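Student: With the sequence up front, the predicted model follows.
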Amino acid sequence: MKEKNNDDYFEKQNPSILRSIGGLLTFSTILPLNIYTTIDEMAKITWFWPIINGIIGLIATIIAFILIEYIHFDALLIATIVYGFLLIINGFNHFDGLMDFGDGIMVHGSPEKKLSTMKDPMTGVGGIVSGFIVGTITIASYCSLIDYAYAINLDLILLIIVAEISAKIGLTTCCISSNPSEDGIGKYFIKYMNFKNYVFGLIISFLISLLLSSTIGFQIGIMGIIGGAFGGALTSLIANKHLKIANGDVLGTSNELARLFSLLAMLIVISTSFTTLI
């Protein structure tokens, strides 16, 4: 008989792939799906999270398309709305993790002291500045992307989807390269992420990104995924150095940094290929 899950965040339901996917969406967003499963069943498909997150990216892309094509908002305003939407639909969970992580790594002392600081409900200067830096650069990156979409090809806004897929590629990269904490929900995602599933999810993400960027340059989509993986690996490296383990806050940070590095990587390709794209 299977041991009962000690974490009661989700109710016990009959397990299935579709329910696990719905449960992961329910867990990671504020979408009113109300589909529940156990943490274990949900975490087993962590490798599929980047593809699921593409749905969120699609919604953000539709918002950007409407604001560009029909309302003609300024690029900075559109970028801010898109980023604000992504933070809100994720319930600010990943961004909250980023700020907690920023507080933790700025504290001098042992990993235990840093982890204790991260659990403090009060946000310090390290967290505020980390959130400000990542947030402003992300908005500026979206703004540049939208400027290019106005000037070159509207299809460039499809890269918003690539960035969201890449955000979760960063998270799964962090999972595969980190040691789990002893408590918290984050340990389940690290526990069930193995190299085989990671590579499989990575390949699917590459294929989707190639398809989305096929009309504007396949190399852009490839660099987006690589940028996301780099962001996750960087987060894992910093966490291993300062904390020795990874928890939910670290995974949330990897999501935010992966999105940022994905956008930056794609913008580098776009800017260097500007004359070709025209």
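Tutor: Yep, it's here. Here the structure is a predicted model, which means the values were calculated and not measured.
Student: Which strands and helices lie in contact with the lengthiest helix in the chain?
Tutor: If you go by DSSP state H, the chain has its longest helix at helix 125-151. With contacts taken as 3 or more Cβ pairs under 8 Å, 6 or more residues apart in numbering; DSSP states H and E, helix 125-151 sits against helix 75-89, helix 93-105, helix 159-176, helix 248-272. Placement of C-beta: from N, CA and C, glycine included.
Student: quick one: Ile222 and Gly126, what's the gap?
Tutor: 34 Å (Cβ to Cβ, to the nearest Å).
Student: quick one: low-confidence parts of this protein?
Tutor: 1-15, 274-278 (pLDDT under 70).
Student: what's the domain layout of it?
Tutor: 10-44, 54-180+194-277 (automatic domain parsing).
Student: ranking the ones you listed by burial, who's on top?
Tutor: domain 54-180+194-277 (a mean of 20; mean count of other Cβ atoms under 10 Å).
Student: Would you format the domains of the chain as JSON lines with distance to Tyr188 included?
Tutor: Shown next, in JSON lines, are those (distance: least, Cβ to Cβ, whole Å):
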{"stretch": "domain 10-44", "distance to Tyr188": "4"}
{"stretch": "domain 54-180+194-277", "distance to Tyr188": "8"}
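Student: Which one, of the ones you listed, ends up nearest to Lys187?
Tutor: Minimum separation from Lys187 across the domains of the chain (Cβ to Cβ) falls at domain 54-180+194-277, 3.9 Å.
Student: Which residues are in contact with Ser20?
Tutor: Residues in contact with Ser20 (Cβ atoms under 8 Å, 6 or more residues apart in numbering) are 37, 41-42, 44-45.
Student: and Leu260, what does it touch?
Tutor: Taking Cβ under 8 Å, 6+ apart, we find Leu260 in contact with 134, 137-138, 141, 231.
Student: Throw the residues you listed into CSV and include distance to Ser271, thanks.
Tutor: Shown next, in CSV, are those (distance: Cβ to Cβ, whole Å):
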residue, distance to Ser271
Val134, 21
Ile137, 15
Thr138, 17
Ser141, 12
Gly231, 19
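Student: for those, which one is nearest Ile30?
Tutor: Thr138 (19.6 Å).
Student: Ignoring the adjacent residues along the chain, who's closest to that closest one?
Tutor: Leu260 (5.1 Å; Cβ to Cβ, 6 or more residues apart in numbering).
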